[in-house]
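Engineer: dropping a prediction and its sequence here:
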Amino acid sequence: MIKVSETAKKKVVALMTEEGFNADVDFVRVGVKSGGCSGLSYELGFDNTTTETDKVFEDNAVRIIVDKKSFLYLVGTTLEYSGGLNGKGFVFNNPNAQRTCGCGESFSL
């Protein structure tokens, strides 16, 4: 399961609305791909369809989909949002990551 903090929920809903998605029926698609300073990097986007191999979750009224491969890397992760002058934007607190890069956008196991 992937959790969503209250601050991340507010930002997700605002961005989805801005991009023409409906947070009540559409999804936040979270994934992992090869690349980044530490070997794997996070992907975050919006989607209105799922596939047979997607895992579907809902936390804090945010609907999340993750492809089967990425789910293995992301189980137990919390999506957070850090704003302000020194904020990074969306942050993945991933208990499976053994090493992360300074920017927080990539990790390794």
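Structural biologist: Everything's here; your move.
Engineer: nearest the middle, which residue of this structure would you pick?
Structural biologist: Val30 (4.2 Å; C-alpha atoms, centre = their mean).
Engineer: so it versus Gly84, what's the distance?
Structural biologist: Distance of Val30 to Gly84, computed by C-beta to C-beta, to the nearest Å: 23 Å. (Glycine included, C-beta is placed from N, CA and C.)
Engineer: excluding its backbone neighbours, what's nearest the residue nearest to the centre of the chain?
Structural biologist: Sequence neighbours aside, Val66 is the residue nearest to Val30 in space, at 5.2 Å (criterion: C-beta to C-beta, 6 or more residues apart in numbering).
Engineer: isn't the one you found right next to Val28, touching?
Structural biologist: No. Assessed by C-beta atoms under 8 Å, Val66 is found out of contact with Val28, at 9.5 Å.
Engineer: partners of the residue nearest to the centre of the chain in the sheet?
Structural biologist: Leu44, Val66 (DSSP bridges).
Engineer: contact partners for it?
Structural biologist: Ile2, Tyr42, Glu43, Leu44, Ile64, Ile65, Val66, Ser70, Leu74, Thr77, Leu79 (C-beta atoms under 8 Å, 6 or more residues apart in numbering).
Engineer: and which of those residues is nearest to Glu52?
Structural biologist: Distance to Glu52, by C-beta to C-beta, is smallest for Ile65 among those, at 11.7 Å.
Engineer: how close does the closest one sit to Phe90?
Structural biologist: Taken as C-beta to C-beta, the span from Ile65 to Phe90 is 16 Å.
Engineer: sorry, back to before: in ChimeraX, how would I select just the buried ones from the contacts of Val30?
Structural biologist: To isolate the buried subset of the contacts of Val30 in ChimeraX, counting by 16 or more other C-beta atoms under 10 Å, use the following:
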select :2,42,64,65,66,70,74,77,79
